[in-house]
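[1] quick check, what structure comes out for this input:
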Amino acid sequence: MDFLKKMMSYKNTHESTDTYCKIIDYTLLHANDLPTISITKMSADIFVSPPTITRL
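    Okay, here's the model as predicted:
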């Protein structure tokens, strides 16, 4: 739950075009599917590199 609070705090204090905001949006929209989505697929879906997702 603490991670969710941090994600929402970040999202509320940065532009929606921010790379990490895009990752957060995707994560929230696909929360139920995350266990089956690879980082490679996620990165392709939101046009960011896999290491960027890993850093978040």
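[2] residue ranges with poor pLDDT in the chain?
    1 (pLDDT under 70).
[3] nearest residue to the middle of it?
    Residue closest to the average C-alpha location in the chain (C-alpha atoms, centre = their mean): residue 23, at 2.2 Å.
[4] so who does residue 27 touch?
    7, 34 (C-beta atoms under 8 Å, 6 or more residues apart in numbering). C-beta coordinates here come from the backbone N, C-alpha and C atoms, glycine included.
[5] buried residues in the strand or helix carrying it?
    For residue 27, the host element (DSSP states H and E) is helix 19-29. Across helix 19-29, burial judged by 16 or more other C-beta atoms under 10 Å covers 19, 20, 21, 22, 23, 24, 26, 27.
[6] okay, helices next: where are they in this structure?
    2-13, 19-29, 39-46, 50-55 (DSSP state H).
[7] please identify the most buried of these.
    helix 19-29 (a mean of 16; mean count of other C-beta atoms under 10 Å).
[8] that one vs helix 39-46, what angle?
    Between helix 19-29 and helix 39-46, the angle comes out at 110 degrees (axes from the mean of the first three to the mean of the last three C-alpha atoms, to 10 degrees).
[9] could you list the alpha-carbon positions for helix 19-29 in CSV?
    Output of helix 19-29 as CSV, limited to C-alpha atoms (Å, rounded to 0.1, in the frame of the first residue of the first chain):
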residue,chain,number,x,y,z
THR,A,19,7.9,9.0,-18.4
TYR,A,20,7.4,7.6,-14.9
CYS,A,21,3.8,9.0,-14.9
LYS,A,22,3.2,7.0,-18.1
ILE,A,23,4.5,3.9,-16.3
ILE,A,24,2.3,4.6,-13.3
ASP,A,25,-0.8,5.1,-15.5
TYR,A,26,-0.1,1.8,-17.2
THR,A,27,0.4,0.0,-13.9
LEU,A,28,-2.8,1.3,-12.5
LEU,A,29,-4.8,0.5,-15.6
